[in-house]
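A.B. asks: fold the following.
(chains A and B)
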Protein chains: 2
Amino acid sequence: MTSRIQTQPPFFIGVDVGGTTIKVGVVDDNGRSLSKCVVPTEAKQPPEIGVANLERCVRDAVQQSGLTMDDMHSVGLATPGTMDIAAGMLLTPGNLPTWHGFPIRQHVANQLQKPTVLQNDANAAAFGEFWVGTAHDAPSAVMWTLGTGVGCGIIIHDVVIEGQHSHGGESGHMIVQMDGGRRNVDGRHGTLEAYCSATALVKRCREAIEAGADSSLRATLDAGQEITAKLIADAAEAGDELADRLVMDTARILGVATVSIMHTINPSMILIGGAMTFGRHDNIIGRRFLQRVKDEIHTRAFPIPAAKTRIDYASLGGDAGYIGAAGCARQRFTGKTPSGATAEQHAYPC
Amino acid sequence: MTSRIQTQPPFFIGVDVGGTTIKVGVVDDNGRSLSKCVVPTEAKQPPEIGVANLERCVRDAVQQSGLTMDDMHSVGLATPGTMDIAAGMLLTPGNLPTWHGFPIRQHVANQLQKPTVLQNDANAAAFGEFWVGTAHDAPSAVMWTLGTGVGCGIIIHDVVIEGQHSHGGESGHMIVQMDGGRRNVDGRHGTLEAYCSATALVKRCREAIEAGADSSLRATLDAGQEITAKLIADAAEAGDELADRLVMDTARILGVATVSIMHTINPSMILIGGAMTFGRHDNIIGRRFLQRVKDEIHTRAFPIPAAKTRIDYASLGGDAGYIGAAGCARQRFTGKTPSGATAEQHAYPC
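C.D. replies: Model (predicted):
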């Protein structure tokens, strides 16, 4: 029953460096992942240890793909910020405490002896979905990545909006409640992340239970166990009222921020991805979450973008980052765009 | 003392259609305005009347410039939305109630017998400032236009962010206070425009006075006269406490929205323009307004964009729209960009 799809050269190495793990895959010219390898980042060790882990993981992934390093055209490298994308530098990435000021692109290029491009991880994930995921046929897309924090990536006509200081698409830090807003873990008030991250969801749940709200999750706390976003989503799926209310409120507030994005970028498509997507379409709470986001958009956005903007879940899951990073290498070093358009065709719609 | 600067062909006609007046200028290849003409829009008449006014104004402006229609390369046309920029169509512009569904680009092109490009008016104003105004040396810029409403235009590497449905840069309708926010004239809650437009400023001032606040503007109301944003700015300049508080709060909230823009677009520069700029740098309240915007940004934005993003007033005043429209015609029909970069040079920083 398996179809034998011909792999399509050239081949690219996609790397997604996180605070806990490094994911690597070999990706072909059509955006198909031919192999995947995961290793610990060991982010508390010096960055050279991390790069050695990364290199081992790359060589494993290449071997698994049945190809050789010589077959690899170039490398796309996604990391968390802060960073200087153009310079290939990490600046002060919160999840990589010993990697501050590390010229990661040069180190990886030297180790692998391949042209290497650096990209922000949320931008890379959005680019992956734009290339071969849910937004593969959209001219422009914005992707929310809900996880420990709230990431965002913006792609307009094949171009990643990196920003002048590599802070493009940091829209998890848009302000949705300027007065009286919740405080985020970074100390900022009223930002989207202060409401819609897994961290915020768990915090709001604990606060509600401590304030006396009735919930099946009280037993978890009483047993001395941690509440997680996953447990909250499961409880909501099982009908827990508090959990349901919190998940729906998360959707509402994500809808609010999405309206601001729609009125700024006005993309063709909005994607919701990341670890906290409540099961996507395949469970009740996932479907209700998405509907609640859409309802808020229809209440608040202008009629034309409200009617025309497609809103859906991302489809590449945890692979979006390394696939998108590979896509960035492909675009940077071969000039091939996800849409197939040339630079000239996209330029200057004005 | 006047210098004789040589005009630089080709020459472009810039047109800025507003609800009250149509402004037209002849603009040379360096973005210099050679002439300017203003006529009433007569927006309650059929749009053909408006286009006839526009044509008369164009012929006057060309004559004033000492050139002929044959010298004119092409036409840039800026109008308020809603619109379909790519199709050259007005959809339902609120300020042009009889022009709904009007294919304005085709009508103007037919009347003037010149290639014509359509652009949103706030986008065009931003493009003008990007070309030859305050942001002339910035790689990317976002411009707020404070007036009856709050307009916005976004330019990244010479490209106007028009959006998929011509709603790019409608960031005056970002949501800054999702819960308990003020209601805008369009019925939307908690948007930037509900706080920072001239309309909102006047409304807040009236409310405060009616609620008993002490202010020199009470006499204006008592005399049966209208309070205007200009009167509030003048009162603030003269030391009126209420007026000062309202103007500073407008600055604070504009700062909040600017942080959201900085964390999304991360432009090189943010400009503040429009009729409600409190005198720019040349009066006390103008300087305090700008400083208050900056203070809010420094409190709320990430350190790197907070430190590096330039924030300043626009410099072209009411001419920004037609100059920018002319710049759009120049870019669209000659391929010349404000930065001088080619499409290839800008494409795919990824």
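
A.B. asks: can I assume A:Glu42 is in contact with A:Gly50?
C.D. replies: Yes. Here A:Glu42 lies in contact with A:Gly50, judged by Cβ atoms under 8 Å, at a distance of 6.0 Å. Backbone N, C-alpha and C define where each C-beta goes, glycine included.

A.B. asks: wasn't A:Leu77 part of a strand?
C.D. replies: Yes. Assessed by DSSP: H, G, I helix; E, B strand; the rest coil, A:Leu77 belongs to a strand.

A.B. asks: now do the contacts for the residue nearest to A:Gln164 when sequence neighbours are not counted.
C.D. replies: In space, and not counting its chain neighbours, A:Gln164 is closest to B:Ser268: 4.3 Å by Cβ to Cβ, 6 or more residues apart in numbering or on different chains. Shown in contact with B:Ser268 (Cβ atoms under 8 Å, 6 or more residues apart in numbering or on different chains): A:Gln164, B:Ala135, B:Ala138, B:Pro139, B:Ser140, B:Ala141, B:Thr309, B:Arg310.

A.B. asks: same thing but at 10 Å, please
C.D. replies: B:Ser268 makes contacts with A:163-165, B:130, B:135, B:137-142, B:155-157, B:305, B:308-310, as judged by Cβ atoms under 10 Å, 6 or more residues apart in numbering or on different chains.

A.B. asks: over to A:Arg300?
C.D. replies: So A:Arg300 contacts A:255-256, A:258-260, A:262-263, A:306, B:173, B:175, B:178, B:188-191 (Cβ under 10 Å, 6+ apart).

A.B. asks: what do you get for A:Phe333?
C.D. replies: By Cβ under 10 Å, 6+ apart, A:Phe333 lies in contact with A:Pro10, A:Phe12, A:His73, A:Ser74, A:Val75, A:Gly76, A:Lys114, A:Pro115, A:Thr116, A:Val117.

A.B. asks: what about it, which SS state?
C.D. replies: Of the three states, A:Phe333 takes helix according to three-state DSSP.

A.B. asks: from chain B, how far out is it?
C.D. replies: Here the criterion is Cβ to the nearest Cβ, to the nearest Å. By it, A:Phe333 lies 10 Å from chain B.

A.B. asks: equivalent analysis for A:Asp244, please.
C.D. replies: Distance, A:Asp244 to chain B, using Cβ to the nearest Cβ: 19 Å.

A.B. asks: next helix or strand past the helix or strand A:Ala200 falls within?
C.D. replies: Assigned by DSSP states H and E, A:Ala200 falls within helix A:198-210. Next in sequence after helix A:198-210, counting helices and strands by DSSP H and E, comes helix A:218-222.

A.B. asks: in that following helix, what counts as buried?
C.D. replies: Residues of helix A:218-222 classed as buried by neighbour count (16 or more other Cβ atoms under 10 Å in any protein chain shown): A:Arg218, A:Thr220.

A.B. asks: cool, stretch A:299-309 as well?
C.D. replies: A:Arg300, A:Ala301, A:Phe302, A:Ile304, A:Pro305, A:Ala306, A:Thr309.

A.B. asks: low-confidence stretches in chain A?
C.D. replies: Within chain A, the stretches with pLDDT under 70 are A:1-5, A:277, A:279, A:343-350.

A.B. asks: in it, where's the longest helix?
C.D. replies: Using DSSP state H, we find that the single longest helix of chain A is helix A:241-262.

A.B. asks: that helix vs helix B:241-262, what angle?
C.D. replies: If you take axes from the mean of the first three to the mean of the last three Cα atoms, to 10 degrees, helix A:241-262 sits at 90 degrees to helix B:241-262.

A.B. asks: report the inter-axis angle for helix A:241-262 versus helix A:198-210.
C.D. replies: 140 degrees.

A.B. asks: and helix A:241-262, how far from the chain's centre?
C.D. replies: Centroid displacement of helix A:241-262 relative to its chain, using Cα atoms, centre = their mean, to the nearest Å, is 18 Å.

A.B. asks: go on, stretch A:200-213?
C.D. replies: Stretch A:200-213 sits 26 Å away from the centroid of its parent chain (Cα atoms, centre = their mean).

A.B. asks: same question for stretch A:256-263.
C.D. replies: Taking the mean of its C-alpha atoms, stretch A:256-263 sits 18 Å from the chain's own mean (Cα atoms, centre = their mean).

A.B. asks: ranges for the strands of the stretch 1-150 of chain A?
C.D. replies: A:11-17, A:21-27, A:33-40, A:72-79, A:83-84, A:89-90, A:116-120, A:140-146, A:150-156 (DSSP state E, counting those that start in this stretch).

A.B. asks: please tabulate those in CSV, including the columns mean neighbour count.
C.D. replies: Putting the strands of the stretch 1-150 of chain A into CSV (neighbours: other Cβ atoms under 10 Å in any protein chain shown) gives the following:
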stretch, mean neighbour count
strand A:11-17, 28
strand A:21-27, 26
strand A:33-40, 18
strand A:72-79, 26
strand A:83-84, 22
strand A:89-90, 20
strand A:116-120, 28
strand A:140-146, 27
strand A:150-156, 28
